[in-house]
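[1] coordinates only, no sequence provided:
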């Protein structure tokens, strides 16, 4: 077994063991930190499908993260206030069922990704980056000016959504749900990488002209990857909102889009476990260094600079001995 396969096999169990050890040691806050890391890792796995496999540098993935969060917040708010959600002549009851919320979050993010992707893929390079950023900011300012759901102040949810057979207010049980979804997303990413779709997408990233000559339209592959990426990130947004029991326009901010990209770059662009490693390092630095100084982002910037200059394959490459400058 290669070093990278060993790494892929060990990273997720290590995250699970950290949470389990914290639970057995009666440290619920550490379990919550592990949950936060797993949610961020899920969002980064989503971006890595577009960035690592398709070469699509999106600076607007917070739009899908926020859509997932607001899908959860709106449905839960209508459930707790007993007011139906009015969409034209339709009156839709809210819900606190996690599976239903997840499906709505995935569907909303994927549907939004179709027109965004169709427009953004008409461009390339920096123009693609700016269009995705512009859409993210549009959602951000729309959320700020949406007083029905809190506007700039956001929306608080008093009770965490439920999952059949579990008490989601128990930190280790909620972590188990998030961890299971993260494992599923990583398995999906691994399957896509080995599938004909993934191979064609990788070829389109390297040489779109040759792929087009073979009768395959590269933009269709990229759009499909963008939609799948958005759906996974939207699911992460719903989980993040459930973790905090709060949604706000900050979930759409370009800073969050940048952080999700940082997770991928730190861990390793295109690496299966790169997003998990990057998100775990970010949360660990935020917790440890953030308690020392409010300027802990300086240290994060130095680490990111070192990775970009000396280990472009990220932490995953360093751990497998395949880093290169």
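    Here it is on my side, so go on. Remember, it's a predicted structure, so these values are computed and weren't measured experimentally. Numbering: from 1, shown residues only.
[2] show me where the stretch 1-150 of the chain has its strands.
    Secondary structure of the stretch 1-150 of the chain by DSSP state E, counting those that start in this stretch: the strands cover 85-87, 90-92.
[3] so, low pLDDT: which residues of the stretch 201-325 of the chain?
    For the stretch 201-325 of the chain, the stretches with pLDDT under 70 are 322-325.
[4] residue 140 is nearest to which of the strands of the stretch 1-150 of the chain?
    Comparison of the strands of the stretch 1-150 of the chain against residue 140 by Cβ to Cβ identifies strand 85-87 as nearest, at 22.0 Å. Any C-beta I mention is one placed from the backbone N, CA and C, and that applies to glycine too.
[5] what about the residue lying closest to residue 131 once chain neighbours are set aside, how many residues nearby?
    Excluding the flanking residues, the one nearest residue 131 by Cβ to Cβ, 6 or more residues apart in numbering is residue 120, at 4.3 Å. By other Cβ atoms under 10 Å, 25 other residues sit near residue 120.
[6] so residue 120 makes contact with residue 133?
    No - counting by Cβ atoms under 8 Å, residue 120 stays clear of residue 133, with 9.9 Å between them.
[7] just checking, what packs against the helix or strand hosting residue 235?
    In this assignment (DSSP states H and E), residue 235 forms part of helix 218-244. Applying 3 or more Cβ pairs under 8 Å, 6 or more residues apart in numbering; DSSP states H and E, we find helix 218-244 packed against helix 28-48, helix 62-81, helix 98-120, helix 171-194, helix 196-206, helix 208-213.
[8] next, the buried residues of the shortest one.
    Residues 208, 211 are the ones in helix 208-213 that count as buried (16 or more other Cβ atoms under 10 Å).
[9] off-centre distance for that helix?
    The gap between where helix 208-213 is centred and where its chain is centred comes out at 30 Å by Cα atoms, centre = their mean, to the nearest Å.
[10] what's it packed up against?
    helix 196-206, helix 218-244.
[11] residue 86: which of the ones you listed is closest?
    Of all these, helix 218-244 sits nearest to residue 86, with 21.6 Å by Cβ to Cβ.
[12] look up how far residue 75 lies from residue 147.
    18 Å (Cβ to Cβ, to the nearest Å).
[13] same question for residue 170.
    To residue 75, residue 170 is 22 Å away according to Cβ to Cβ.
[14] now do residue 130
    Plainly put, residue 130 is 32 Å away from residue 75 if you go by Cβ to Cβ.
[15] do residue 63 as well
    From residue 63 to residue 75 the distance is 19 Å (Cβ to Cβ).
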